[in-house]
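Student: Structure for this input, please:
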Amino acid sequence: MRKTSSKLLFTAVLTVLITSSCRDKEYFDQGKYEEIVSGSFPVANVDPAHTWETVSSVTVRATLKTPDKALYSVGIYDGNPATGGWVTLLADGKAAGQSFFETAISHPARIKTVYIALTGTDGRAKVYRRTIDGNSLVTEIGGSDAVGQIAKTAVKARPQSLRYCFEENFPEPGDFDYNDIVLSLTPETPGDNPYIVRLTVSLDAVGSLSQLAAAVRLKGIGRDRLLGVRTESEDWFDFYNRTTASINLIDNAKMLTTARNGDAVIYLFNDAHWAMKPLKAIDGSVARPYYNTYKDKIKPEDMFEAEDIAPRKCTVTIMFDSEATARSVCAANLDVFMIRQYNGGTWEIHTQPFKLDNAMFDYSTAAYNNPYVWALLLPGGTAYARETKPIGTVTGGNVIGGAFQTYRHSFGEWAQDRNAADDWYLYPERSMTY
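Tutor: Modelled structure (predicted):
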């Protein structure tokens, strides 16, 4: 988020406009605010009913039609593992024959087909192709309609990851490059303990000059449903390596806390820059270069620095009270949100399904119920826009631009119609993305 003098002036004007909006609605001009936001958003004529969903979640219940009650392995993939190519593992576990396997999964919203592999004691997996229609998939596996077989040990599968891209300025407009924090989450349930979910968290980029924090709320899962949370080591971002040079946006004494509605919240880091690279400037403050949003290391004369470094990672292990609770964790309830100071208070930036929620901090969000977003959830590995490059643009003259601008596969076309160009994230403009 690089701010020019004109941007700062615009921000100052908007701040005056919405100052005290939480305290006295008489000072808030709803129409004027929405006019400013819509005029600043890089796409004209945004779909007013847009969900901004690129990743969907569904509950799968597969009944095992087997000749015995032996213990079987079940794996759910985004592609057919029997072809021998790489596929993404959406969920796996064990179930007794003639019983059922139930789990929540997340999948790219544009893909409506999954493959369920059933492996018996002989180590051979029979693969079944199933179509997703709605929010649940109820099916049977073990019959004669298998589309392939493969030894389980021969399956080439990668874990599924989710990428969260944030714009820091909510509720004000920003430059909408969605790279102020880029964070990836890889949830996995180990086969030896179905009560556990491991979240591998990767802080991939920081495209801001401000202090930003982040946390994960497990929406609909109460704090009392978690029996414990730990990290794989003490390398817990800035939790064990915090600095007094940062303000406390979150409670540094806690890793696990309770949301205002009772949901469980796991703190990730209090200062993204310090979490990425614990480095102080000459004056003792936290050094705040742009990390992984420009290509190569640069030190221009206009008072900012940029550096390419390896993402920082940490694995969080969560023990739940039941296998059912653990298997309910998916994109639909993983509310990853960013935290920043704004207007004398502390504000949260959420993806669209949770945009109006206040997980930790008490302020009014009713005025911001509009179709514009400051955070996106994307399939893991999706490229993100470089600094100062909007994710996508469409002007009044229908000229398409931005970091994802391929005609019929652009962010802009998707923003105008949620049913069009839903594969836009597969078509990055290489010179404008990271």
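
Student: Only C-alpha atoms from now on, for both contacts and neighbour counts.
Tutor: Will do.

Student: What pLDDT is listed against the residue in the chain sticking out farthest from the centre?
Tutor: Each residue of the chain has a distance to the centre, and by C-alpha atoms, centre = their mean the biggest one is for Pro67: 41.3 Å. The model reports Pro67 with a pLDDT of 95.

Student: and what of the one 4 residues further on?
Tutor: Note on Leu71: pLDDT of 96.

Student: Need phi/psi at the closest residue to it other than its chain neighbours.
Tutor: On the basis of C-alpha to C-alpha, 6 or more residues apart in numbering, the spatially nearest residue to Leu71 that is not a chain neighbour turns out to be Ala96, at 4.4 Å. Listed backbone geometry of Ala96 is phi -80, psi 140, with angles given as degrees, to the nearest 10.

Student: you'd agree Ala96 is up against Thr66?
Tutor: No: in this structure, Ala96 sits apart from Thr66 without contact. The criterion is C-alpha atoms under 8 Å, and the distance is 9.2 Å.

Student: picking that back up, now the residue farthest from the centre of the chain, what's its secondary structure?
Tutor: Using DSSP: H, G, I helix; E, B strand; the rest coil, the three-state assignment for Pro67 comes out as coil.

Student: ok, it - contacts?
Tutor: By C-alpha atoms under 8 Å, 6 or more residues apart in numbering, the residues touching Pro67 are Gly97, Gln98.

Student: again with Glu168
Tutor: By C-alpha under 8 Å, 6+ apart, the contact set of Glu168 is Met1, Gly174, Asp180, Ile181, Ser208, Met338, Arg340, Ile349, Trp374.

Student: Likewise for Ile76?
Tutor: Taking C-alpha under 8 Å, 6+ apart, we find Ile76 in contact with Leu89, Leu90, Ala91, Asp92, Val114, Tyr115, Ile116, Ala117.

Student: Now pLDDT and distance to Arg288 too, for these, in CSV please.
Tutor: Supplementary listing: these in CSV, determined by pLDDT from 0 to 100; distance: C-alpha to C-alpha, whole Å:
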residue, pLDDT, distance to Arg288
Leu89, 97, 37
Leu90, 97, 36
Ala91, 96, 38
Asp92, 95, 41
Val114, 98, 43
Tyr115, 98, 45
Ile116, 98, 46
Ala117, 98, 47
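
Student: from these, which two are the most distant?
Tutor: Asp92 and Val114 (12.8 Å; C-alpha to C-alpha).

Student: So between these two, which is more surrounded?
Tutor: When neighbours are counted by other C-alpha atoms under 10 Å, Asp92 and Val114 differ, and Asp92 comes out ahead with 22 against 18.

Student: Across the sheet, point out what pairs with that one.
Tutor: The partner list for Asp92 in beta bridges (DSSP bridges) reads Gly75.

Student: any low-confidence regions in the stretch 1-150 of the chain?
Tutor: By pLDDT under 70, the low-scoring segments of the stretch 1-150 of the chain are 1-27.

Student: all helices of the stretch 251-400 of the chain, in order?
Tutor: Along the stretch 251-400 of the chain, the segments classed as helices by DSSP state H, counting those that start in this stretch run 272-276, 323-327.

Student: Can you check which of those helices gets nearest to Glu35?
Tutor: With distances scored as C-alpha to C-alpha, the stretch of the helices of the stretch 251-400 of the chain nearest to Glu35 is helix 272-276 (31.7 Å).

Student: Just the mean pLDDT for the closest one, thanks.
Tutor: According to the model, helix 272-276 has a mean pLDDT of 93.

Student: just the helices of the stretch 251-400 of the chain: most buried one?
Tutor: Neighbour counts (mean count of other C-alpha atoms under 10 Å) averaged over each of the helices of the stretch 251-400 of the chain peak at helix 272-276, with a mean of 25.

Student: In contact with the closest residue to Asp263 other than its chain neighbours, which residues are there?
Tutor: Spatial nearest neighbour of Asp263, excluding adjacent residues (C-alpha to C-alpha, 6+ apart): Gly222 at 4.2 Å. Going by C-alpha under 8 Å, 6+ apart, Gly222 touches Thr258, Gly262, Asp263, Ala264.

Student: between the residues you listed, which is nearest Asn135?
Tutor: For these, the closest approach to Asn135 (C-alpha to C-alpha) belongs to Asp263, at 22.3 Å.

Student: surely the closest one meets Arg223?
Tutor: Yes: under the criterion of C-alpha under 8 Å, Asp263 lies in contact with Arg223, with a separation of 5.4 Å.

Student: what's the neighbour count on the residue nearest to Leu71?
Tutor: 16.

Student: How much space separates the spatially most central residue of the chain from Tyr33?
Tutor: Against the mean C-alpha coordinate of the chain, by C-alpha atoms, centre = their mean, the closest residue is Tyr164 at 3.0 Å. Shown here: Tyr164 relative to Tyr33, a distance of 26 Å by C-alpha to C-alpha, to the nearest Å.

Student: residues touching the residue nearest to the centre of the chain, list them.
Tutor: For Tyr164, the contacting residues are Ile181, Val182, Leu183, Ser184, Leu185, Val336, Ala375, Leu376, Leu377, Leu378, by C-alpha under 8 Å, 6+ apart.

Student: from the residues you listed, which two are the most distant?
Tutor: Taking C-alpha to C-alpha as the measure, those reach their widest spread between Leu185 and Ala375, a distance of 14.6 Å.

Student: can you pick the most crowded of the contacts of Ile76?
Tutor: Neighbours were tallied for each of the contacts of Ile76 (criterion: other C-alpha under 10 Å), and the maximum of 29 neighbours falls on Ala117.
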